[in-house]
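Peer 1: Turn this into a model:
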Amino acid sequence: MYAALRLRVRELRLRSAHHLAEEAAAIAAQRDLDDILRMIRDGVVESGVLDRAGVYVYDRERNLLCGTWGTDRQGNREDNHAQVLDPAQVEHGPIYRVTYGAEPYVVTHDYTERFSLQPDHPMYGVRSHCAVRLGIGDRLVGVLVGDNLLSDRPITEEDLALVRSFAAQATVAILNAELIRELSVSRDHLDEEVRRRTEDVQDLQAEIASLLQAISHDLRSPVRAAEGFTSQILERYRHELPAQVARDLERVRDAAVRMGKLTENLLAISRLSRRNLERTAIEPSALVPQVVRELRPAFRHACVLRILPMPPMFADAGLIALLYHELLENALQATAETMRAEIEVGYADGAYYVKDNGRGFDAEYAHTLFDLFRRYGYDEPTVGAGLALAKRIVSLHGGKITAEGAPGAGAVFRFTIPPSGEARPAEAVSILTHGKPGS
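Peer 2: Model (predicted):
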């Protein structure tokens with residue numbers, strides 16, 4: 001008879017161990033912390049190792065144990081999320097010892113008597129009780145408590161071994177879930193910060209665009225008037241004017257022309273922020289000659305212009321024409337005093353380019369090339385808004401634009417237009433960049 005009883009106990013214990021192993025595997029696959037805590041409670045009770053169980057998580061900031069899922073006096077699952085325990089209230093009690101001491105578990109076989117519990121106490125009648133620490137090393141995660149109130153069976157070493165093994169696996173799952181939750185919170189905070197900063201940038205860009213439009217509109221009339229009046233004076237009275245006065249008027253007229261170009265570029269930049277791209281298939285090799293014909297009358301110096309075969313691009317035709325207009329105008333201005341001026345337009349290494357053998361630029365000032373109102377530190381007849389406009393157009397298409405050059409050795413401007421047709425918001429315009437980096 002005793003052999004049969006021992007065999008029965010062994011079968012029950014194996015069944016409990018198998019159940020806990022399956023529950024541990026299921027817990028390991030979970031990512032939600034509350035689901036894991038509920039499954040820990042259910043696993044212990046449903047395996048038959050303990051009649052009742054409760055799981056508490058440790059709040060490091062408040063130094064308290066917070067309830068999650070437990071069992072009522074009838075053995076039913078109970079929501080204990082509103083329960084908070086202060087382990088220090090029962091000094092040297094089981095929970096206190098596994099929380100603050102070095103003991104991984106505490107088993108008590110006369111719980112009600114030892115702690116003089118009264119009949120109205122929720123733990124009254126419990127004799128065999130255990131508290132198991134949930135943690136790894138010095139990291140305390142929580143406490144698993146359980147008892148055999150319903151069966152009044154003693155908690156054996158074999159029972160405790162099963163519970164501790166299960167608790168160790170559950171601890172890893174809890175730590176993983178906490179890490180995932182922390183990462184999720186950090187990601188949400190980062191997403192919110194990115195969203196807020198993006199809104200700030202968009203607001204700033206809108207303000208810049210409005211400012212540029214207002215400035216350029218206000219400047220148009222007086223600039224045109226200055227250009228018109230000086231041109232008329234020079235045409236009608238040049239022969240009557242002293243040579244120095246005529247030269248001074250020519251400088252005023254040329255400055256007014258450059259200022260007029262600047263205001264037009266400012267207007268174009270401000271309009272870009274409100275423009276939707278109308279993408280079509282474009283043949284740059286056919287588009288560039290049209291742009292050159294528009295520009296050529298303004299430049300009287302001899303120049304060899306080579307237009308090499310280029311692959312088509314999917315982009316806004318009007319903006320790409322404006323892009324080439326600014327890059328070619330920049331190249332023509334740069335080669336105005338070159339003996340044998342050469343400009344080449346083509347495609348290589350995944351980028352379209354415009355190359356010239358003009359005056360070039362000092363690499364020290366390359367960071368200012370695409371800024372509005374740039375100044376290199378030496379006389380420069382061009383205005384920065386043209387290249388700033390070029391950068392804006394490329395950015396609207398989701399591409400990049402770069403420049404390479406050296407003084408007296410020409411320059412090459414390369415830009416990319418992504419073939420996917422995916423655009424991104426234009427980058428903010430850099431304004432008033434002067435001098436050397438860091439100055």
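
Peer 1: drop to CA atoms for contacts and neighbour counts, all remaining ones
Peer 2: Noted.

Peer 1: Pretty sure residue 277 sits against residue 317.
Peer 2: No - using CA atoms under 8 Å, residue 277 and residue 317 do not qualify as a contacting pair, with a distance of 9.2 Å.

Peer 1: Neighbour count: those two, which is higher?
Peer 2: Counted by other CA atoms under 10 Å, residue 277 and residue 317 do not tie: residue 317 has more neighbours, with 19 against 16.

Peer 1: my guess is the more buried one meets residue 283, correct?
Peer 2: No - Residue 317 is not in contact with residue 283 according to CA under 8 Å; the separation is 9.3 Å.

Peer 1: what's near enough to touch residue 45?
Peer 2: Applying CA atoms under 8 Å, 6 or more residues apart in numbering, we find residue 45 in contact with 51-53.

Peer 1: Only the buried members of the residues you listed: can you turn that into a PyMOL selection?
Peer 2: In PyMOL, the members of these classed as buried (16 or more other CA atoms under 10 Å) are selected with the following command:
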select buried, resi 51+52+53
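
Peer 1: Now, the contacts of residue 45 that are in strands?
Peer 2: Assigned to strands by DSSP state E, the following of the contacts of residue 45 qualify: 52-53.

Peer 1: Quick one: the contacts of residue 45 as TSV, columns for pLDDT and distance to residue 331 too.
Peer 2: As requested, the contacts of residue 45 are arranged in TSV below (pLDDT from 0 to 100; distance: CA to CA, whole Å):
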residue	pLDDT	distance to residue 331
51	95	87
52	96	84
53	96	81
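
Peer 1: could the contacts of residue 45 be laid out in CSV, adding distance to residue 62?
Peer 2: Formatted as CSV, the entries for the contacts of residue 45 read as follows, by distance: CA to CA, whole Å:
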residue, distance to residue 62
51, 30
52, 27
53, 24
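
Peer 1: Tell me where the stretch 201-350 of the chain has strands.
Peer 2: Taking DSSP state E, counting those that start in this stretch as the test, the strands found in the stretch 201-350 of the chain are 279-282, 303-307, 313-316, 341-348.

Peer 1: Name the residues of the longest one that come out as buried.
Peer 2: The reference is to strand 341-348. In strand 341-348, the ones that count as buried by 16+ other CA under 10 Å are 341-347.

Peer 1: Listing partners with orientation, what would you give for the helix or strand following it?
Peer 2: Toward the C-terminal end, the helix or strand that comes next after strand 341-348 (DSSP states H and E) is strand 351-356. Paired strands of strand 351-356, with direction, are strand 341-348 (antiparallel), strand 411-415 (antiparallel) (DSSP bridges).

Peer 1: what residues does strand 351-356 touch?
Peer 2: Contacts with strand 351-356, where a contact means CA under 8 Å, 6+ apart, come from 310, 327-328, 331, 334-335, 341-347, 410-417.

Peer 1: Mind checking the pLDDT average for it?
Peer 2: What strand 351-356 shows for mean pLDDT is 94.

Peer 1: How about stretch 22-37?
Peer 2: Stretch 22-37 comes out at a mean pLDDT of 88.

Peer 1: Only the buried residues of it, if you could.
Peer 2: With burial defined by 16+ other CA under 10 Å, the residues of stretch 22-37 counted as buried are 23-24, 27-28, 30-33, 36-37.

Peer 1: Secondary structure of residue 163: a strand, I assume?
Peer 2: No - using DSSP: H, G, I helix; E, B strand; the rest coil, the assignment for residue 163 is helix, not a strand.

Peer 1: quick one, helices of this protein?
Peer 2: Assignment of helices within the chain using DSSP state H yields the ranges 2-28, 33-46, 94-100, 111-114, 157-237, 243-272, 284-295, 317-334, 385-396.

Peer 1: So which residue is smack in the middle of the protein?
Peer 2: With distances taken as CA atoms, centre = their mean, the chain has residue 194 as the residue nearest its mean C-alpha position (5.8 Å).

Peer 1: and it, what does it touch?
Peer 2: Contact analysis of residue 194 by CA under 8 Å, 6+ apart lists nothing.

Peer 1: can you pull the pLDDT of it?
Peer 2: Here the pLDDT value assigned to residue 194 is 88.

Peer 1: Domains in this structure, by residue range?
Peer 2: When the chain is parsed with automatic domain parsing, its domains come out as 2-185, 277-439.

Peer 1: okay if I get these as CSV plus distance to residue 203?
Peer 2: Supplementary listing: the domains of the chain in CSV, determined by distance: least, CA to CA, whole Å:
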stretch, distance to residue 203
domain 2-185, 27
domain 277-439, 11
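
Peer 1: Figure out which of those domains is closest to residue 201.
Peer 2: domain 277-439 (7.4 Å; CA to CA).

Peer 1: Surely residue 362 touches residue 406?
Peer 2: Yes - counting by CA under 8 Å, residue 406 is a contact partner of residue 362 at 5.3 Å.

Peer 1: quick one, which of the two is more surrounded?
Peer 2: Of the pair residue 362 and residue 406, residue 406 is the one with more neighbours under other CA under 10 Å, namely 17 against 14.

Peer 1: neighbours of the residue nearest to residue 234 when sequence neighbours are not counted, just the number please.
Peer 2: Leaving aside its sequence neighbours, residue 234 sits nearest to residue 246 (CA to CA, 6 or more residues apart in numbering; 6.9 Å). The number of residues packed around residue 246, counting by other CA under 10 Å, is 18.

Peer 1: And the domains of the chain: which comes nearest residue 222?
Peer 2: With CA to CA, the closest approach to residue 222 among these belongs to domain 277-439: 18.3 Å.

Peer 1: mind showing which ranges of this structure have poor pLDDT?
Peer 2: 1-13, 205, 208-209, 211-220, 258, 262, 264-275, 372-385, 420-439 (pLDDT under 70).

Peer 1: how does it look with 50?
Peer 2: Counting by pLDDT under 50, the chain contains low-confidence residues at 376-379, 382-383, 421-439.

Peer 1: Distance check, residue 147 against residue 65.
Peer 2: In this structure, residue 147 and residue 65 are 18 Å apart, going by CA to CA, to the nearest Å.

Peer 1: And residue 416, how close does it get to residue 348?
Peer 2: With distances defined as CA to CA, the gap from residue 416 to residue 348 amounts to 10 Å.

Peer 1: Repeat that for residue 388.
Peer 2: Applying CA to CA to residue 388 and residue 348 gives a distance of 23 Å.

Peer 1: what does residue 232 give?
Peer 2: Distance, residue 232 to residue 348, by CA to CA: 47 Å.

Peer 1: Out of the strands paired with strand 351-356, which is closest to residue 113?
Peer 2: If we rank those by CA to CA, the stretch that ends up nearest is strand 411-415, at 84.0 Å.

Peer 1: Dump the closest one to CSV, restricted to CA.
Peer 2: Presented in CSV, the C-alpha positions along strand 411-415 are these (Å, rounded to 0.1, in the frame of the first residue of the first chain):
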residue,chain,number,x,y,z
ALA,A,411,34.4,73.7,-59.5
VAL,A,412,32.0,70.8,-59.9
PHE,A,413,28.5,70.6,-58.4
ARG,A,414,27.0,67.2,-58.1
PHE,A,415,23.4,66.3,-57.2
